[in-house]
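Asks: sequence unknown, structure follows:
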Ligand code: SF4
């Protein structure tokens, strides 16, 4: 009899959420031109568990468009001893309902992973029915899951020694271990088990080609009051070596035939020397000219030479978190950047011919209508290729959550809300309805400009498929804006 223990790692059926992106957990269905990114958190967990000799099944039911019945069929045929599911702030109540259903039927060991469980307040945990959750992982899954499985199935180690988790004690109480400690050695982690991932599900939004997510670094030294990163990934940036990143890209290209990459780092360009080395390695490698990549960037620190080199290495799009067109707001939210730097980054991209996304956030607790109109002005002046405007979301664990709570701006629990379904009543000066109307105004004013539509049409003359994608995303955006 085969007594190898089995683990099912999964994203549940339902709406599309970036469950692997702990810092934003973005709702993809209600956003604009974005596609689901690869389930690297499951992929890393799978690689670790496979290396330890467990049998693993990895399923992204939400992105596959699969149903609860499909999940039940897999439970019946695979018979997992352990379930590991990624949860989000928005979906937590539905997630727990599903887990409790599965536990009633099958009694597996249950492991849940999500930023919500990073050093959580007891009052928040009390709002969630965690009766059947055995382990909660708040930190980086690849450094926890193997130790949890070894303890559960082989009796090796002690959960109290596994950092960044909560476990149930003999009285069935959830006990936190040590938080705010991070493992440094990223190069010795295995690559995500892409042989178990349906890589074709994760695409470039424009060309629909498969796009792999490659984590290049973790952590951010900035202190933006709305962002979970400094809390969950730390203020010290931990880099992989460029050689290690290139090895993963090469495996993706040669084994999985993936030519497009999202370099996932909280801020890809934070260390210009690292970026230079990475780009030079790509340029000198056989991959150069065959692959393309996209990455996030801050506008400080940033050099024009860095952007030029990125473009030369194959960067097809860079995404900036501009956030606001008001210096007063940038200062208050502790972004550590200025409006002039936002404009400078955009100007360099236009000069170089490097397409860019502009991310903007409105609805900060201190914002007035004038501040938001300054952001609208910046949107138009910077003229990115694509924009997203989200509503500031006070995640548990962020300084902005405390500001909202202390100023009675929280209408209800933060749980269940997202960037498009705010949990606040608005700002200290504007109602939520006024903020939502301003968001709609900015997005429509930007995307429905004839000059913008003509520019995008002219860029797609030789790529009708890309134009079809643009039209699809444009229609989705308009439908979303009018349905709320
Ligand atoms: S720059 Fe700010 S928003 Fe971006 S990852 Fe760092 S803390 Fe978060």
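Replies: Happy to help now that I have it. Quick caveat, the model's predicted, so the values are computed rather than measured. Numbering: from 1, shown residues only.
Asks: Surely residue 397 is in contact with residue 124?
Replies: No - between residue 397 and residue 124 there is no contact under Cβ atoms under 8 Å: 9.2 Å. (C-beta placed from N, C-alpha, C; glycine too.)
Asks: With neighbour numbers in mind, choose between those two.
Replies: Using other Cβ atoms under 10 Å as the criterion, residue 397 and residue 124 rank with residue 397 on top: 21 against 16.
Asks: Please name the nearest non-neighbouring residue to the more buried one.
Replies: Leaving aside its sequence neighbours, residue 397 sits nearest to residue 231 (Cβ to Cβ, 6 or more residues apart in numbering; 4.9 Å).
Asks: Packing partners of the host helix or strand of the one you found?
Replies: Here residue 231 sits within helix 229-232, counting by DSSP states H and E. Helices and strands touching helix 229-232, by 3 or more Cβ pairs under 8 Å, 6 or more residues apart in numbering; DSSP states H and E: there are none.
Asks: Is there any residue in the very next helix or strand once past that helix that contacts the ligand?
Replies: Per DSSP H and E, helix 229-232 leads on to strand 238-239 as the next helix or strand towards the C-terminus. No - contact of strand 238-239 with the ligand (Cβ under 6 Å from any ligand atom) is absent, the minimum separation being 13.5 Å.
Asks: Tell me which strands strand 238-239 pairs with, and in which orientation.
Replies: strand 217-218 (antiparallel) (DSSP bridges).
Asks: for the partner strand, what is the average pLDDT?
Replies: For strand 217-218, mean pLDDT rounds to 94.
Asks: Go ahead and confirm residue 214 touches residue 264.
Replies: Yes - contact criterion Cβ under 8 Å: residue 214 and residue 264 qualify, at 6.5 Å.
Asks: who's more crowded, the two?
Replies: residue 214 (24 against 21).
Asks: In its sheet, which strands sit next to the one helix or strand the more buried one maps to, and in what direction?
Replies: Using DSSP H and E, residue 214 sits in strand 211-215. Here strand 211-215 has these sheet partners by DSSP bridges: strand 260-264 (parallel).
Asks: just to revisit the earlier point, who's in contact with the residue nearest to residue 397?
Replies: For residue 231, the contacting residues are 118, 119, 397, 398, by Cβ atoms under 8 Å, 6 or more residues apart in numbering.
Asks: For the ligand, state which of the residues you listed is nearest.
Replies: residue 398 (9.6 Å; Cβ to the nearest ligand atom).
Asks: That closest one: neighbour count?
Replies: Neighbours of residue 398 using other Cβ under 10 Å come to 21.
Asks: I'd say residue 470 and residue 207 touch.
Replies: No - with contact defined as Cβ under 8 Å, residue 470 and residue 207 do not form a contacting pair (11.2 Å).
Asks: Neighbour count for those two, which is higher?
Replies: Per other Cβ under 10 Å, whichever of residue 470 and residue 207 has more neighbours is residue 470, with 21 against 16.
Asks: Get me the contact residues on the stretch 301-450 of the chain for the ligand.
Replies: Residues of the stretch 301-450 of the chain lying near the ligand (Cβ under 6 Å from any ligand atom): residue 321.
Asks: so where's the stretch 301-450 of the chain uncertain?
Replies: The model of the stretch 301-450 of the chain has pLDDT under 70 over residues 419.
Asks: Please repeat the previous calculation with a cut-off of 90.
Replies: 393, 395-397, 411-424 (pLDDT under 90).
Asks: Next, count neighbours for the closest residue to residue 115 other than its chain neighbours.
Replies: Take residue 115 and drop its neighbours on the chain: the residue closest to it by Cβ to Cβ, 6+ apart is residue 22, 3.9 Å away. Residue 22 has 26 neighbours, counted by other Cβ under 10 Å.
Asks: Just flag the most distant two among the contacts of residue 231.
Replies: 119 and 398 (12.2 Å; Cβ to Cβ).
Asks: Got phi/psi on residue 391?
Replies: phi -90, psi 130 (degrees, to the nearest 10).
Asks: Now for it: which residues touch it?
Replies: Contacts of residue 391 (Cβ under 8 Å, 6+ apart): 361, 362, 363, 419, 420, 422, 424, 432, 435, 436, 439.
Asks: Show me which parts of the longest helix anywhere in the chain are buried, residue by residue.
Replies: Using DSSP state H to define each element, the chain has its longest helix at helix 464-483. By neighbour count on 16 or more other Cβ atoms under 10 Å, the buried set for helix 464-483 is 466, 467, 469, 470, 473, 474, 476, 477, 478, 480, 481.
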